Each structure stands twice: as C-alpha cells, then as structure tokens.
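A.B. asks: here is a sequence with its predicted model. Questions after.
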Amino acid sequence: MRDGREHFEWPDGRQRCFWANPKNECYVRYHDEEWGRPVHDDGKLFEMLLLECFQAGLSWECVLNKREGFRRAFADFHLEKVCAFTEADVERLMQDDAIIRHRRKIEAAVGNARVFRDIQREYGSFDCYLWRWTEGKTVHECGLTTSPLSDALAKDLKKRGMKFVGSTTIYSYLQAIGVIESHEPGCFLSGTCLSV
C-alpha cells in the first residue's frame, strides 16, 4: 500500500499508476500506450473529448470498455459526420446498448462537435487552440483533479457553447491527451511523455 491505495505486482515488473487495473488488458494498454502522450491530431483530440464528456459521473474504465461501440456509433469519430447528426440519430443512439445511452450527453456530443469545428475554423485547428493555453508545453503535475488551467479552459469552452465540460472533465481530458502529464512517481512512464 502507498498513500492508502493498493499497488499491484505486475508480471512484467514495471510499476504503473495506481488506477491501472491489471485485470483489464485494454485499460493497461491505454495506460501504457496512450494516456499522457502529447496529441496534436485533431481527429484524436475530438475522439478523446467526446469520450471524456461521456465519462462525466462515471469511471473512465467504463467508457474505455465501450470505446469500439462509441467508434461505430459516432461514425468513427469523423467530425463532419457527427456535426451532421440529426434528432433521428440521437434517437438511434438512444437504442444502442454498445454506448452509454444518456440523452443529454448524446445531444451534447453533437453540439460539442459543432463548437469543435467552429474552433478549428477560428484557429486553423483545434490543436492550435488547445496547446496555446500552455504555449505548446506539457505541464507535469500529479494528484490533482482540477487546476487553474482546466478552470480557464472549461470556462472558455462553456462560453463557446460546449456542454459536459466542467473543470474536472477538462482536467481529465488534458491528462489523457498529454497537455498535463500525471504519471505517478514510481510509474515506469513518469516524466517520459514530453511535448512534441
């Protein structure tokens, strides 16, 4: 035990962040290969934002387990296709048990896609908009769920019309896409994810 949280003995001998569940191969792969690595591709930035907004009030593991269902339901996270979703698509998604069937979150995903596209048009890319908040640098910090950065970004996204983008959700998003690197001290990836 450390800090009151259970830590596991990993078969490969590598220590990981406390939240990585060794019984879920998908979750471990996400920790090892994706989480905290800087992302600059707008398609990936959109995918992760959509998924993070569905996570609000739930566990990330729950959302990650349904990732393929979300990919299919949301047109492979193709921004223009999601922007074109209609009320009929919302009704279709409400019947899809491969995703989280929460009407307000589904409607927010479509609305957020349109705001995401507006930001792309304003800044040239969502990547340019997002990384300007840290001047292109990765912030290294651990043990937080919000910060002045996530507060400010969440406020700006809400002002632009996004929903389910509170500071906690945005902090989690920034961790996922490597704007904030939060691998715990002792994790084999701590300090290895740098801005590119």
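C.D. replies: Yep, it's here.
A.B. asks: number of residues surrounding residue 21?
C.D. replies: 15 (other Cβ atoms under 10 Å). For every residue, glycine as well, the C-beta is placed using N, CA and C.
A.B. asks: same question for it, what's its three-state structure.
C.D. replies: coil (DSSP: H, G, I helix; E, B strand; the rest coil).
A.B. asks: would you mark the buried spots in stretch 24-35?
C.D. replies: The neighbour-count check on stretch 24-35 (16 or more other Cβ atoms under 10 Å) flags 27-28, 30-32, 35 as buried.
A.B. asks: actually stretch 179-186, not the one I wrote
C.D. replies: Across stretch 179-186, burial judged by 16+ other Cβ under 10 Å covers 179-184.
A.B. asks: from the buried residues of stretch 24-35, which single one is nearest residue 70?
C.D. replies: residue 30 (13.8 Å; Cβ to Cβ).
A.B. asks: ok, the closest one to residue 142 distance?
C.D. replies: 18 Å (Cβ to Cβ, to the nearest Å).
A.B. asks: again, but for residue 38
C.D. replies: Counting by Cβ to Cβ, the gap from residue 38 to residue 142 is 17 Å.
A.B. asks: and for residue 26?
C.D. replies: Per Cβ to Cβ, residue 26 is found 23 Å from residue 142.
A.B. asks: repeat for residue 37
C.D. replies: Relative to residue 142, and taking Cβ to Cβ, residue 37 is found at 16 Å.
A.B. asks: ditto for residue 102
C.D. replies: 30 Å.
A.B. asks: of those two, who's got more company?
C.D. replies: Taking neighbours as other Cβ under 10 Å, residue 102 and residue 142 compare with residue 102 leading, 17 against 14.
A.B. asks: need the three-state assignment for the nearest residue to that one once chain neighbours are set aside.
C.D. replies: Spatial nearest neighbour of residue 102, excluding adjacent residues (Cβ to Cβ, 6 or more residues apart in numbering): residue 54 at 7.3 Å. Assigned by three-state DSSP, the conformation of residue 54 is helix.
A.B. asks: ok, now which ones touch residue 45?
C.D. replies: 39, 126-127, 130, 177 (Cβ atoms under 8 Å, 6 or more residues apart in numbering).
A.B. asks: nearest to residue 46, of the residues you listed?
C.D. replies: Of those, the one sitting nearest to residue 46 (Cβ to Cβ) turns out to be residue 126, at 7.0 Å.
A.B. asks: pLDDT score assigned to that closest one?
C.D. replies: Note on residue 126: pLDDT of 98.
A.B. asks: my guess is it contacts residue 119, does it?
C.D. replies: Yes. Here residue 126 reaches residue 119: they are 5.5 Å apart, a contact under Cβ atoms under 8 Å.
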